[in-house]
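In: Here is a sequence with its predicted model. Questions after.
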Amino acid sequence: MFVALLASDVLALLSLPSVLRQHHGRPAATMSWLLALFAVPWVGVVCWWLLGRNHLERRKRQRRSSHEAFSAATERPRGTGGPHFRGLIPGTTDGPQPTRGNHVEILVDGSRAFPAMLAAIRSARRDVHLLFYIWKNDETGRRLRDLLAERSREGVTVRLLLDGWGSILLGRRHLDPLRRAGVHVANFFPVRPWVPSALNFRNHRKLVVVDGQEAFTGGMNVGREYEVDYHDLMARITGPAVAQLQDVFLDDWYYATGELLEAGPPPRWTGDVSLAVLASGPDQWDNHVHDTLFLTINQARERVWVMTPYFVPGPAILAALRGAAQRGVDVRLLVPRHSDVLPAQVAGRALYPLLVEVGVRVCLYDGMLHGKAILFDRDLCMIGSANTDNRSFRLNFELSCLFRSEPLARELERIFAADLARSEVLDGDGARRSTSLQAAMGSVIHLFARLL
């Protein structure tokens, strides 16, 4: 026993330099890991080397180098100017370039989104590019697979990029008909069991681009539950922003395959929506989704309505939401009453009292809510793949869009209103109501949420 304890302490000490280097500039995470290493050494050491340590540090450098090479070899889509998002998007040289002249349609639930995506794919003349986190071998996945194979045989170039971990259960038998039909299939991060920490980094983006002229993005994966059971949102986009969404796919495809592709003719102006494409990932120095969300919440004057299935934000976003409510902004948080990810539900519930006590309306949706959307003031909204949680902000590759349009904001307001009518608003007692076991579980999960 003594030898085992001594060995665990030695391993914890040997892990110390790695913790200090990896979490430089994040003292809270560093202190949490140090506490775990020395309070429960065996558990802390195992968790650090399997999950906490960024084994993908090399992959992050490779991804960053790939992005830089792609940018140097291609002409990146330019913004169309204008002060649409001044002060809301971090001003970096490689940051989002907003565009004007877009048309956006919000597609509510799979009953509208999947038929629209299938129709767009059927109308394709040149190419179809798809990027998904989860693709399931079920009725929905097979229907889309068979359509892609059919279009490929008809001469349309089809490229499918999947996340290795999110689609890990998708066997070769499901994908073979695509390859036989000439569809190009690739994994963004192939799963390698001997690198378990690689599971921490995932391409969580959802994107379909047809002929470089029409795009779909939002929260839906490919599976029967996303088409039928989950309440979710996708945005159908035409206009100049499609070139930037196409660029996100081509960049990811270049990293996964080494194939440098031509972007095709630029999209035409189709509407009056100003749009900023926010693509973020752990390879970036700045997280565009997180930083834009933080700035936008802090500048909101009337309302901030958040729809998210998983609410485990870091301290900056939590403080921004509390600060907005304290200065009189109408802040509402719409989350599912019962989540499909229990740890996220427990961790999020532990934060509800901190929000309710400053006037945030926490609303529990009666159903499986999977949409990711935020409504700011009268004319600004965000829809995409990013949840309001630490994983989306730090570990996943995400894709969200920031829109400035009063008609679009009114449409999203109507969607929120219908959802809020199906929700229970927690009062102070309801937010604090939990058993001792639930409170303890929430504290433990929050500790590890910060560690990740």
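Out: All right, it came through fine. Numbering: from 1, shown residues only.

In: Run through the stretch 151-300 of the chain and note the low-pLDDT ranges.
Out: Counting by pLDDT under 70, the low-confidence segments of the stretch 151-300 of the chain come to 192-200.

In: what are the ranges of the helices in it?
Out: When secondary structure is read from DSSP state H, counting those that start in this stretch, the stretch 151-300 of the chain shows helices at 172-180, 224-228, 241-257, 288-299.

In: Can I get the third one in CSV, CA atoms only?
Out: As requested, the backbone C-alpha atoms of helix 241-257 are provided in CSV (Å, rounded to 0.1, in the frame of the first residue of the first chain):
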residue,chain,number,x,y,z
ALA,A,241,-21.8,34.2,-47.1
VAL,A,242,-22.1,30.8,-48.9
ALA,A,243,-18.6,31.3,-50.2
GLN,A,244,-17.3,31.6,-46.7
LEU,A,245,-19.2,28.5,-45.6
GLN,A,246,-17.8,26.7,-48.6
ASP,A,247,-14.3,27.9,-47.5
VAL,A,248,-14.9,26.3,-44.0
PHE,A,249,-15.6,23.0,-45.7
LEU,A,250,-12.7,23.2,-48.1
ASP,A,251,-10.3,24.1,-45.3
ASP,A,252,-11.4,21.1,-43.2
TRP,A,253,-11.3,18.9,-46.3
TYR,A,254,-7.7,20.0,-47.0
TYR,A,255,-6.7,19.1,-43.5
ALA,A,256,-8.3,15.7,-43.7
THR,A,257,-7.2,14.7,-47.2
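
In: Next one: the residue nearest in space to the middle of the chain from residue 250, what distance?
Out: For the chain, residue 386 is the residue whose C-alpha lies nearest the centre (CA atoms, centre = their mean; 2.5 Å). Using CB to CB, to the nearest Å, one gets 21 Å for the distance from residue 386 to residue 250. C-betas here are computed from N, CA, C, even on glycine.

In: swap in residue 161?
Out: Taking CB to CB as the measure, residue 161 and residue 250 are separated by 10 Å.

In: care to break the chain down by domain?
Out: 2-20+27-50, 61-82+89-280, 288-451 (automatic domain parsing).

In: What is the burial count for residue 228?
Out: Summarising burial for residue 228: neighbours were counted as other CB atoms under 10 Å, giving 13.

In: hang on, it packs against residue 138?
Out: No. Applying CB atoms under 8 Å, one finds residue 228 not in contact with residue 138, separated by 10.4 Å.

In: hmm, back to that, overlap of the contact sets of residue 161 and residue 250?
Out: For the pair residue 161 and residue 250, residues contacting each of them under the criterion CB atoms under 8 Å, 6 or more residues apart in numbering are residue 129.

In: After the strand or helix carrying residue 407, which helix or strand is next?
Out: Element membership of residue 407, judged by DSSP states H and E, is helix 406-421. For helix 406-421, the following helix or strand on the C-terminal side (DSSP H and E) is strand 423-425.

In: Relative to residue 188, which of the helices of the stretch 151-300 of the chain is closest?
Out: When the helices of the stretch 151-300 of the chain are ranked by proximity to residue 188, the top entry is helix 241-257, at 5.0 Å, counting by CB to CB.

In: How far does the closest one sit from its chain's centre?
Out: 16 Å (CA atoms, centre = their mean, to the nearest Å).

In: Now do the SS call for residue 304.
Out: strand (DSSP: H, G, I helix; E, B strand; the rest coil).

In: Pairing partners for it in the sheet, please.
Out: Beta bridges link residue 304 to residue 331, residue 376 when assigned by DSSP bridges.

In: Please report the distance of it from residue 216.
Out: Between residue 304 and residue 216 the distance, using CB to CB, works out to 26 Å.

In: neighbours of the residue nearest to residue 127 when sequence neighbours are not counted, just the number please.
Out: Excluding its sequence neighbours, the residue lying closest to residue 127 (CB to CB, 6 or more residues apart in numbering) is residue 157, at 4.2 Å. As a burial measure, residue 157 scores 15 neighbours (other CB under 10 Å).

In: Could you pull up the residues touching residue 157?
Out: With contacts taken as CB under 8 Å, 6+ apart, residue 157 has the following neighbours: 126, 127, 128, 184.

In: Strands - which of the residues you listed land there?
Out: In strands, judged by DSSP state E, the following of these are found: 127, 128, 184.

In: can those residues go into CSV with extra columns for distance to residue 311?
Out: As requested, the ones in strands among the contacts of residue 157 are arranged in CSV below (distance: CB to CB, whole Å):
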residue, distance to residue 311
127, 37
128, 34
184, 37
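
In: who wins for neighbours among those?
Out: Compared across those, residue 128 has the highest neighbour count, 25 neighbours, by other CB under 10 Å.

In: is it in a bridge, and if so with what?
Out: Residue 128 has these beta-bridge partners by DSSP bridges: residue 158, residue 210.

In: and it, how far is that from residue 246?
Out: For residue 128 relative to residue 246 (CB to CB), the value is 11 Å.

In: Likewise for residue 104?
Out: Noted for residue 104: a distance of 16 Å to residue 246, by CB to CB.

In: next one: residue 178
Out: Counting by CB to CB - residue 178 and residue 246 are separated by 21 Å.

In: One more: residue 301?
Out: Relative to residue 246, residue 301 is positioned 35 Å away (CB to CB).

In: Among those two, which residue is more densely surrounded?
Out: Set residue 301 next to residue 246 and count neighbours by other CB under 10 Å: residue 246 wins out with 25 against 12.

In: Can you tell me what sits against the strand or helix carrying residue 106?
Out: Element membership for residue 106 (DSSP H and E) is strand 99-108. Taking CB under 8 Å, 6+ apart as the criterion, the residues outside strand 99-108 that touch it are 79-82, 84, 113, 116, 216, 218, 231, 233-242, 244, 269-276, 383, 401, 403, 405, 408, 411-412, 415.

In: What mean pLDDT does it get?
Out: For strand 99-108, mean pLDDT rounds to 96.

In: Return the distance of the helix or strand just after that strand from the chain's centre.
Out: Toward the C-terminus, strand 99-108 is succeeded by helix 110-122 as the next helix or strand (DSSP H and E). Here helix 110-122 shows a centroid-to-chain-centroid distance of 21 Å under the convention CA atoms, centre = their mean.

In: list the buried ones in helix 110-122?
Out: Neighbour counts using 16 or more other CB atoms under 10 Å place 110, 113, 114, 116, 117, 120, 121 of helix 110-122 among the buried residues.

In: cool, and stretch 420-427?
Out: The neighbour-count criterion (16+ other CB under 10 Å) identifies 420, 423, 426 as the buried residues of stretch 420-427.

In: Need the worst-confidence member of the residues you listed.
Out: Summarising pLDDT for those: the lowest-scoring member is residue 426, with 90.

In: how far away is that residue from residue 357?
Out: Plainly put, residue 426 is 11 Å away from residue 357 if you go by CB to CB.
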